[in-house]
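In: make a model of this:
(one chain, ligands or ions: 1)
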Amino acid sequence: MIEAARLTKRYGDVLAVDDLSFTVSPGRVTGFLGPNGAGKSTTMRMILGVDAPSEGHVEIDGRPYRELDHPLRTVGALLDASARHPGRTARDHLRWLAATNDLPVKRVDEVLAMVGLTSVAKKRAGQYSLGMLQRLGIAGALLGDPRVLLFDEPVNGLDPEGIAWIRQLMHALAAEGRTIFVSSHLLPEMAQTAQDLVVIGKGKLIYQGTTEEFIARATDNAVRVRSPHLPELREALTARGANFREEGGALLVSDMDSDAIGELAFRAGATLHELSPARGSLETAFLQLTGEAVEYHATEATR
Ligand SMILES: Nc1ncnc2c1ncn2[C@@H]1O[C@H](COP(=O)(O)OP(=O)(O)OP(=O)(O)O)[C@@H](O)[C@H]1O
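Out: The predicted structure is shown next:
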């Protein structure tokens, strides 16, 4: 578990993180979202003890990072995948990491197999593609078999196969009861990957909760109805005082659930060809709820 309480970071006059409190639970994948400059990387650095908070604190399984007896056995992180030593082979890099952190060297081959790098383990990291470097970074994060994992933009620059692989890996790690905290700008991907979200803007908390609730909160949960008997249906909905509008030959009903609409249509003798919840996307919800918190709007930036 990760617990941040009133976390604040100032860089001179810049308030990068502002009184931020949130919890990341085990057994779930939690997405960390926010517009550019919102303070995500700064928060991750404070969780990992790289930056000290100006105020507040953040704990991993009940202790600040700097007080952990075995940091790599407690928390693994993928921060900047390109920061691997280019002259070293993947296996040597991981062996060095294991040796300097008092971890068993036999774990190196296990994590190489987990991330699918066994066959290229003797190649120098400088010859690796971005996707291979991401896998190597993840192998390093898994080396200490930690209960908590942090990934900063893990799917940046990856092809669809690599993205799907990372998504499955995160789900599998969460299913083992680990705490997974992952930042990404790819919202459709996060909608599929993260069960929970922490959303920040200008360093402040905007939302903490399930992904489903975040999307539901920002978008009207209309039900889309298609019928060859639209006039009858319209009449029945109007008589009922329902709130609806037409869109592309269908009706979007915003204040009745599917059950009630189905029964109403049945009584009105209207055949239904479609009765489906028109759910909003994470992208729409994100833009709506963080709109106020975007640091520089395009119009301002181009002035
Ligand atoms: N070392 C630093 N010195 C001064 N200002 C910094 C430093 N690191 C971050 N900042 C500022 O703090 C704010 C938050 O930056 P941060 O990189 O944490 O945001 P982010 O949400 O990770 O952004 P992005 O999505 O663009 O990566 C920004 O205004 C940034 O310019």
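
In: helix, strand, or coil at the nearest residue to Glu55 once chain neighbours are set aside?
Out: Excluding the flanking residues, the one nearest Glu55 by C-beta to C-beta, 6 or more residues apart in numbering is Thr8, at 4.0 Å. C-beta coordinates here come from the backbone N, C-alpha and C atoms, glycine included. Classification of Thr8 using DSSP: H, G, I helix; E, B strand; the rest coil returns strand.

In: pretty sure Thr8 is touching Asp18, no?
Out: Yes - taking contacts as C-beta atoms under 8 Å, Thr8 lies within contact range of Asp18: 6.1 Å.

In: which residue ranges form the strands in the stretch 101-250 of the chain?
Out: Counting by DSSP state E, counting those that start in this stretch, the stretch 101-250 of the chain has strands at residues 148-152, 179-183, 196-201, 204-210, 222-226, 244-247, 250-253.

In: now mean neighbour count, mean pLDDT and distance to Gly126 too, for those, in a markdown table please.
Out: Shown next, in a markdown table, are the strands of the stretch 101-250 of the chain (neighbours: other C-beta atoms under 10 Å; pLDDT from 0 to 100; distance: least, C-beta to C-beta, whole Å):
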| stretch | mean neighbour count | mean pLDDT | distance to Gly126 |
| --- | --- | --- | --- |
| strand 148-152 | 23 | 95 | 22 |
| strand 179-183 | 25 | 97 | 26 |
| strand 196-201 | 24 | 95 | 35 |
| strand 204-210 | 17 | 95 | 40 |
| strand 222-226 | 21 | 91 | 52 |
| strand 244-247 | 13 | 87 | 53 |
| strand 250-253 | 20 | 90 | 54 |
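
In: columns distance to the ligand on top of these, output as a markdown table?
Out: Below are the strands of the stretch 101-250 of the chain laid out as a markdown table (distance: least, C-beta to the nearest ligand atom, whole Å):
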| stretch | distance to the ligand |
| --- | --- |
| strand 148-152 | 8 |
| strand 179-183 | 7 |
| strand 196-201 | 7 |
| strand 204-210 | 12 |
| strand 222-226 | 32 |
| strand 244-247 | 34 |
| strand 250-253 | 34 |
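
In: got any ranges where the stretch 51-200 of the chain has weak pLDDT?
Out: 81-86 (pLDDT under 70).
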